[in-house]
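S.K.: Predicted model and sequence follow; I will ask about them next.
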Amino acid sequence: MLIKYDYLKLYFLTSKKEAGSVKNPKIKVLNLEETKKLIDCGKIDAMVVFADTYNAELFDWDLYTKTLKVPYRVGLSISSISSFFSVIPYSYTRRIYPNEKVAMGDHILAFEKLGFKFNKEIEFYFTKESEEYAEKFLKQHKIKKNERIIFMHPTSKKTVECIKERKQAHKDWPYQRWTELANLLIKTYNARIVFTGAPEESFVIREIVSKVENKKKVIDTSGKLSIEQIASLLKRADLLISLDSAMAHVCAQTNTPVIVLL
């Protein structure tokens, strides 16, 4: 969103686990100590805080003291008494209110509080490597240009947890319906169906795929793709059908239609 402001230096404080998710070379990833040093050097003009809960890897009270030196501090307004005791009481100079929007809406509003104006269309940052992978994927599976590509994401972390506990996840759709839908889309549109999922969800997807009649039309990618690769593939797809999961959010930023089953 802020790429058109070429004079900006963007820093992102995040955990080691999540640092690899930041692929845009214009955004530098920082750890806690690096962040404090930049503030001490007077190189931070504004800070935007979304994850204001206590996380030892991202926050200590020394950082809290140092943030008071930052001229502009933007963050969420506390919306309830219960949340008051679970968030860090940053001294903000600009507040996002109301904060009941979806997360991306809060992000946009936060930068508007700092005076930035921009096109509000959100898009994924597609890496060169993931774009090359997507083209290779289409060739490897002999997917023709006129073939419809439909992605299905029938699982979630909650799905697997409930299966292990022998419970029914509230947002599950019965396996046989995914199979029936895949069969219908293949027969009606001669579509190629690409199933996605995390490694621990693969056994669910294998069960669904095993019942599909025309298996030559099905590609099981569960546990094999990175988020960047999935995003580049979704950009070339005609549709995603998904449970309420992160996959739907990624797809929404590729301008590919998505159906979310709630």
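M.R.: Perfect, I can see it now.
S.K.: And for Tyr54, the neighbour number?
M.R.: Residues contacting Tyr54 under the criterion other CB atoms under 10 Å number 11. Heads up, the C-betas are built off the backbone N, CA and C, glycines and all.
S.K.: ugh, wrong one, Phe124
M.R.: By other CB under 10 Å, the residues close to Phe124 number 22.
S.K.: Just confirm it is within a strand.
M.R.: No: going by DSSP: H, G, I helix; E, B strand; the rest coil, the assignment for Phe124 is coil, not a strand.
S.K.: shaky segments in the stretch 51-200 of the chain?
M.R.: 52, 77-87, 98-106, 120, 122, 160, 163, 167-171 (pLDDT under 70).
S.K.: And the helices in the stretch 1-150 of the chain?
M.R.: Using DSSP state H, counting those that start in this stretch, the helices found in the stretch 1-150 of the chain span residues 16-19, 32-40, 61-67, 81-84, 103-113, 128-140.
S.K.: er, the stretch 151-262 of the chain actually
M.R.: Under the criterion DSSP H, counting those that start in this stretch, the stretch 151-262 of the chain carries helices at the ranges 157-164, 175-189, 202-209, 227-235, 246-252.
S.K.: Retrieve the pLDDT associated with the closest residue to Tyr133 other than its chain neighbours.
M.R.: Excluding its sequence neighbours, the residue lying closest to Tyr133 (CB to CB, 6 or more residues apart in numbering) is Gln229, at 5.0 Å. Model confidence at Gln229, expressed as pLDDT, equals 95.
S.K.: how much space is there between Ser210 and Tyr189?
M.R.: Taking CB to CB, to the nearest Å as the measure, Ser210 falls 22 Å from Tyr189.
S.K.: quick one: contacts of stretch 30-46?
M.R.: With contact meaning CB atoms under 8 Å, 6 or more residues apart in numbering, stretch 30-46 is reached by 9, 11-14, 16, 57-60, 62-63, 66-67, 69-74, 114.
S.K.: Inside strands: which ones of these?
M.R.: 11-13, 72-74 (DSSP state E).
S.K.: count of neighbours near Thr65?
M.R.: If you count neighbours by other CB under 10 Å, Thr65 ends up with 11.
S.K.: typo on my end, Asn24
M.R.: Neighbour count for Asn24, taken as other CB under 10 Å: 12.
S.K.: how about it, what does it touch?
M.R.: Tyr125.
S.K.: Phi, psi for it please.
M.R.: The phi/psi pair for Asn24 (degrees, to the nearest 10) reads phi -70, psi 120.
S.K.: Now do the buried residues in stretch 215-234.
M.R.: Counting neighbours by 16 or more other CB atoms under 10 Å, one finds that the buried residues in stretch 215-234 are 217-222, 225, 228-234.
S.K.: List the contacts of it.
M.R.: Outside stretch 215-234, the residues touching it (CB under 8 Å, 6+ apart) are 21, 23, 124, 126-127, 129-131, 133-134, 137, 141, 151, 155, 182, 186, 190-202, 205-206, 209, 212, 240, 247, 250-251, 253-254, 256.
S.K.: Swap in 6 Å and give it another go.
M.R.: 124, 126-127, 130-131, 133-134, 141, 186, 192-197, 199, 201-202, 205, 209, 212, 250-251, 254, 256 (CB atoms under 6 Å, 6 or more residues apart in numbering).
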